[in-house]
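Asker: Predicted model and sequence follow; I will ask about them next.
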Amino acid sequence: MDFRYFNIEDFACSETGQNEIQWDFVSALDDLRGVCGFPFIITSGYRSPTHSAEIKKSRPGQHTMGIAADIKVTGGAQRYAIVSNAIKLGFKGIGVAKTFVHVDRRETEPMTWQYS
């Protein structure tokens, strides 16, 4: 499958190189990037269950399911554009940090959070 803005390699686990990102998730992210109108740098996509950020968790996160990505941001306008458009496009998990926004397509009820 071809995407407008991404290559599957953009989502490989930074620690293991494994890549089980879901193509339908990347397609949705491709749509989000198109609506936002500025480039997305993916700082974290698929994470192996052995990734150091996942080992600390009590249960596997959305990254290990291949349905999450962290997008680098450079300011409030980018954060706002990603969050507001992600909600409109059906992303159900949205986490906001100073330097990135997490988006995912979880199957549970929608939620947002802020990283400290």
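Answerer: Yes, it's here.

Asker: Helices of the protein, start to end?
Answerer: Under the criterion DSSP state H, the chain contains helices at 23-36, 52-55, 76-88.

Asker: State the mean pLDDT of the second one.
Answerer: Averaging the model's pLDDT scores along helix 52-55 yields 91.

Asker: coming back round to it: reformat the helices of the chain as JSON lines; add mean neighbour count.
Answerer: Just so you know, the C-beta spots here come from the backbone N, C-alpha and C atoms, and that holds for glycine as well. JSON lines is the format used below for these (neighbours: other C-beta atoms under 10 Å):
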{"stretch": "helix 23-36", "mean neighbour count": "18"}
{"stretch": "helix 52-55", "mean neighbour count": "12"}
{"stretch": "helix 76-88", "mean neighbour count": "16"}
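
Asker: Output the ones you listed as TSV; include the columns distance to Arg4.
Answerer: Shown next, in TSV, are these (distance: least, C-beta to C-beta, whole Å):
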stretch	distance to Arg4
helix 23-36	5
helix 52-55	28
helix 76-88	15
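
Asker: contacting residues for Val101?
Answerer: 70-71, 73, 78-79, 82-83, 86, 94-95 (C-beta atoms under 8 Å, 6 or more residues apart in numbering).

Asker: Widest-spaced pair of those residues?
Answerer: Greatest spacing in the contacts of Val101, by C-beta to C-beta: Gln78 and Gly95 (14.6 Å).

Asker: partners of the residue nearest the centre of the chain in the sheet?
Answerer: Centroid check for the chain by C-alpha atoms, centre = their mean gives Ala69 as the closest residue, at 1.6 Å. As for beta bridges, Ala69 partners with Val103 under DSSP bridges.
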